[in-house]
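Chemist: 3D, please:
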Amino acid sequence: MSYQEFTSRPDYQTGQWDNGRPVLGASVTWFNANPPPAIGAKVRANFNKLGTGEVVGYFVEDGFLGLLVTLDNPPDWHIKQNGRGVKAHLFGPEFEPVEGAGP
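Modeler: Take a look at the predicted model:
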């Protein structure tokens, strides 16, 4: 497993699908129809009731690009499991932008 965090958006390619499975290229791959949001953008996680948060960085895990997000009001289970102030890690399909918010 490889993992790296970034304070600016790394170069990436948009991912492709083959029979419902992601196809990784030679570079970092982003799976979302829209480009990764800028640092400071507001997003809403669409699973586990994580809620909204601010993009504070990026990460790459095993070739997949994701967002590092500081949650506005993390659920109790998330704090208990991860501690207070831990960034959420969201891949492309796991969030939606918050309209009218962010840079």
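Chemist: So for the residue in the chain sticking out farthest from the centre, what pLDDT did the model give?
Modeler: In the chain, Asn19 marks the outermost C-alpha relative to the chain mean, sitting 23.7 Å out by CA atoms, centre = their mean. Here, the pLDDT recorded for Asn19 equals 91.
Chemist: what's the longest strand anywhere in the chain in contact with?
Modeler: Assignment by DSSP state E gives strand 52-61 as the longest strand of the chain. With CB atoms under 8 Å, 6 or more residues apart in numbering as the test, strand 52-61 has contacts from 1-10, 28, 36-45, 65-73, 87-89, 98, 102. Quick note: C-beta positions are derived from backbone N, CA and C, even for glycine.
Chemist: One more pass at 7 Å, please.
Modeler: For strand 52-61, the external contacting residues (CB atoms under 7 Å, 6 or more residues apart in numbering) are 2-7, 9-10, 28, 36-44, 65-72, 87-89, 98.
Chemist: Just these: which are in strands?
Modeler: Among the contacts of strand 52-61, the ones falling in strands (DSSP E) are 3-6, 42-44, 65-71, 88-89.
Chemist: In the protein, where is pLDDT below threshold?
Modeler: For the chain, applying pLDDT under 70 flags the ranges 101-103.
Chemist: What number of residues are in the vicinity of Phe64?
Modeler: 17 (other CB atoms under 10 Å).
Chemist: How many residues are close by Pro74?
Modeler: Using other CB under 10 Å, Pro74 has 22 neighbouring residues.
Chemist: For it, which non-adjacent residue is closest in space?
Modeler: Counting by CB to CB, 6 or more residues apart in numbering, the nearest residue to Pro74 once its immediate chain neighbours are dropped is Leu50, at 6.7 Å.
Chemist: What residues does that neighbour make contact with?
Modeler: Neighbour list for Leu50: Leu71, Pro74, Pro75, His78, Ala88 [criterion: CB under 7 Å, 6+ apart].
Chemist: Just name the closest of the residues you listed to Val23, please.
Modeler: Using CB to CB, Ala88 is the member of the contacts of Leu50 that lies nearest Val23, at 26.0 Å.
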